[in-house]
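In: show me the folded form of this:
(4 chains)
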Number of protein chains: 2
Amino acid sequence: MSKGEETRRQIVATALTRAGEIGLEGVTLGSLADELELSKSGLFAHFRSKEALQLAVIDEAEQRFVDQVIREALRAPRGEPRVVALFEHWLRWFRLGDHPRGCIFLSLSAEYDDRPGPVHDAVVSSQKRWLEWIRGAAERAVETGHFRPDLDPAQFAFEFTAIGMSLQFQSKLVQDPQAERRAREAFGGLLDRSRISH
Amino acid sequence: MSKGEETRRQIVATALTRAGEIGLEGVTLGSLADELELSKSGLFAHFRSKEALQLAVIDEAEQRFVDQVIREALRAPRGEPRVVALFEHWLRWFRLGDHPRGCIFLSLSAEYDDRPGPVHDAVVSSQKRWLEWIRGAAERAVETGHFRPDLDPAQFAFEFTAIGMSLQFQSKLVQDPQAERRAREAFGGLLDRSRISH
DNA sequence: AGAATAAAAGCACGATCGGTCGTTCTTGTC
DNA sequence: GACAAGAACGACCGATCGTGCTTTTATTCT
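Out: Below is the predicted model of the structure:
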């Protein structure tokens, strides 16, 4: 890997971390350059616009998410086990992280839900892909007979993501140490309701 | 009401609206002054610091929330009806609004969850009060015999707020027109699980 | 080693940030 | 209607914003 590529990576990685703390819009070229001990113009030259940097950050975040959550979950057998794996790896993504803790996409979603432009569009489409993954996994669980045939997969995805958001909220903002336990409890309930019989 | 008080109100109200769109940190004294056709210094004199303005905005938001959601819900009889009323008025709060649509507190929560300071503290304490209201209402519903005696009210509050967050996410970001229906469906399920018997 | 190329630094720009003046105009009170 | 208090103003501060352009320094390739 060339030198320039290497620094570019470092810039994006650091920007990603800061974006999780103070928001993507709040990540400033000057402060970023200071932290990386680069000149502002030297840093800027890698992207040629702030928006390009922002899009690069989102791209990097999604790549990591696919690697650490989706790809990992795909190793579980399809049906309910894969749905569970999706949830468990999502929890892991919340917990650890180069990003300080919690999911950057939730921060990004809140930050750009009312702000049009290419960055908004990138956030939206990445979130749609994530929702689609959950919906698809639920759909397969219906096909394999783990879940009720009359289950609405989109409704399942709605409640699935709801749990993650509440987790982020309660663990980061309100600092409830039991947040993760609560999330697991809620997910267990969701699974119960989704299964055959009862 | 004196003249100064009146303009101060207008400033806070406008700032509240803008905060819902671009975030509280993004509401700039200059842009705010332009929109209200005031000089920046004239506007500034009402607060003497940007932070004071931000705190005033949060205060105003919470006051409205108490008026439009909590106080309204208290008119319903205690127990399950009040829990339902709390949810319904919360939905109403999401729908309409001086703020463009959606709950400002969710935006604020995401914006300040990693940013220490007085504004962060104000957001946290207002959110704790809200959680406490939900928890208390669930607790009363247990006492009145509507809800299972072994229900964990804090868990109920966790799942209650989860639904609202997913609603905001799906209706604002992903623009799902069925989001509110999904939220109602999820809440119905939560109620079912919370009631006596089954 | 030396030439070609890429990366970083330096410097400057116009705009805007939150904030501070002293001054002027508008209010409310007697 | 005089007068003090309060509201709004315009000019300006140092700092920082994103973005150019030019020059110097590293890296890469022959």
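In: okay, A:Ala19 and A:Phe44: tell me how far apart.
Out: From A:Ala19 over to A:Phe44 the distance is 17 Å, taken as CB to CB, to the nearest Å. (Each C-beta comes from the backbone N, C-alpha and C, glycine too.)
In: A helix includes A:Gln175, no?
Out: No: assessed with DSSP: H, G, I helix; E, B strand; the rest coil, A:Gln175 is coil; it does not lie in a helix.
In: quick one, phi psi at it?
Out: In terms of degrees, to the nearest 10, the main-chain angles of A:Gln175 are phi 60, psi 40.
In: in terms of pLDDT, where does it sit?
Out: We have a pLDDT of 94 for A:Gln175.
In: from DNA strand C, how far off is it?
Out: 27 Å (CB to the nearest atom of the strand, to the nearest Å).
In: where does chain A have low pLDDT?
Out: A:97-100, A:197-198 (pLDDT under 70).
In: longest helix in chain A, please.
Out: Longest helix of chain A, by residue count under DSSP state H: helix A:118-143.
In: what packs against that helix?
Out: helix A:50-65, helix A:80-95, helix A:104-112, helix A:153-168 (3 or more CB pairs under 8 Å, 6 or more residues apart in numbering or on different chains; DSSP states H and E).
In: compare neighbour counts for A:Ala19 and A:Phe44 and give me the winner.
Out: A:Ala19 (22 against 19; other CB atoms under 10 Å in any protein chain shown).
In: hang on, isn't that one packed against A:Ser107?
Out: Yes: taking contacts as CB atoms under 8 Å, A:Ala19 lies within contact range of A:Ser107: 7.3 Å.
In: kindly format the C-alpha coordinates of stretch A:72-86 as PDB.
Out: Extracted in PDB, the C-alpha atoms of stretch A:72-86 (Å, rounded to 0.1, in the frame of the first residue of the first chain):
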ATOM      1  CA  GLU A  72     -20.200 -12.900  10.500                       C
ATOM      2  CA  ALA A  73     -23.900 -13.700  10.800                       C
ATOM      3  CA  LEU A  74     -24.000 -15.300   7.500                       C
ATOM      4  CA  ARG A  75     -21.800 -18.100   8.900                       C
ATOM      5  CA  ALA A  76     -24.800 -19.200  11.000                       C
ATOM      6  CA  PRO A  77     -27.300 -21.600   9.300                       C
ATOM      7  CA  ARG A  78     -30.200 -19.800   7.700                       C
ATOM      8  CA  GLY A  79     -33.500 -19.400   9.600                       C
ATOM      9  CA  GLU A  80     -33.800 -18.500  13.200                       C
ATOM     10  CA  PRO A  81     -30.100 -19.100  14.100                       C
ATOM     11  CA  ARG A  82     -29.100 -16.600  11.500                       C
ATOM     12  CA  VAL A  83     -31.600 -14.000  12.800                       C
ATOM     13  CA  VAL A  84     -30.200 -14.600  16.300                       C
ATOM     14  CA  ALA A  85     -26.600 -14.300  15.000                       C
ATOM     15  CA  LEU A  86     -27.500 -11.000  13.300                       C
END
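In: what are the contacting residues of that stretch?
Out: A:69-70, A:88-89, A:133-134, A:137-138, A:140-141, A:143-147, A:191, A:195 (CB atoms under 8 Å, 6 or more residues apart in numbering or on different chains).
In: so which residues on chain A come close to DNA strand C?
Out: Applying CB under 7 Å from any atom of the strand, we find that chain A lies next to DNA strand C at A:2-5, A:7-8, A:37-43, A:45-46.
In: dump the residue contacts of A:Thr14.
Out: A:32, A:35-36.
In: any idea which element it lies in?
Out: helix A:3-22 (DSSP states H and E).
In: between that helix and helix A:50-65, how big is the angle?
Out: Interaxial angle of helix A:3-22 relative to helix A:50-65 (axes from the mean of the first three to the mean of the last three CA atoms, to 10 degrees): 80 degrees.
In: excluding chain neighbours, what is closest to whichever residue of chain A sits closest to DNA strand C?
Out: Across chain A, the shortest distance to DNA strand C (CB to the nearest atom of the strand) belongs to A:Gly4, at 1.9 Å. Leaving aside its sequence neighbours, A:Gly4 sits nearest to A:His46 (CB to CB, 6 or more residues apart in numbering or on different chains; 7.2 Å).
In: phi, psi of that neighbour?
Out: Dihedral angles for A:His46 - degrees, to the nearest 10 - are phi -70, psi -20.
In: that older thread, for the helices and strands packed on helix A:118-143, which one ends up most surrounded?
Out: Here the criterion is mean neighbour count by mean count of other CB atoms under 10 Å in any protein chain shown, and of these the winner is helix A:104-112, at a mean of 25.
In: which of the helices or strands spans the closest residue to DNA strand D within chain A?
Out: Residue nearest to DNA strand D within chain A (CB to the nearest atom of the strand): A:Gly30, separated by 2.5 Å. For A:Gly30, the host element (DSSP H and E) is helix A:29-36.
In: name the residues that touch that helix?
Out: A:7, A:10-11, A:14-15, A:18, A:39-40, A:42-44, A:50, A:53.
In: give me the buried positions along the next helix or strand after it.
Out: Taking DSSP H and E as the definition, the helix or strand that follows helix A:29-36 towards the C-terminus is helix A:40-44. Residues of helix A:40-44 classed as buried: A:43-44 (neighbour count, 16 or more other CB atoms under 10 Å in any protein chain shown).
In: helix A:40-44 - contacts with which helices or strands?
Out: Checked by 3+ CB pairs under 8 Å, 6+ apart, helix A:40-44 has helix A:29-36 packed alongside it.
In: show me how far the helix it packs on is from its chain's centre.
Out: Here helix A:29-36 is found 25 Å from its chain centre; the criterion is CA atoms, centre = their mean, to the nearest Å.
In: return stretch A:124-143 as CSV; C-alpha atoms alone will do.
Out: The C-alpha coordinates for stretch A:124-143 follow below in CSV (Å, rounded to 0.1, in the frame of the first residue of the first chain):
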residue,chain,number,x,y,z
VAL,A,124,-30.5,6.5,4.0
SER,A,125,-29.4,3.9,1.4
SER,A,126,-27.1,2.2,3.9
GLN,A,127,-29.9,2.0,6.4
LYS,A,128,-32.3,0.7,3.9
ARG,A,129,-29.8,-2.1,3.1
TRP,A,130,-29.5,-3.0,6.8
LEU,A,131,-33.3,-3.1,7.1
GLU,A,132,-33.4,-5.3,4.1
TRP,A,133,-31.0,-7.7,5.6
ILE,A,134,-33.1,-8.1,8.7
ARG,A,135,-36.3,-8.4,6.7
GLY,A,136,-34.7,-11.0,4.4
ALA,A,137,-33.4,-13.1,7.4
ALA,A,138,-36.8,-13.1,8.9
GLU,A,139,-38.4,-14.1,5.6
ARG,A,140,-36.0,-17.0,5.4
ALA,A,141,-36.8,-18.0,8.9
VAL,A,142,-40.4,-18.2,7.8
GLU,A,143,-39.5,-20.4,4.9
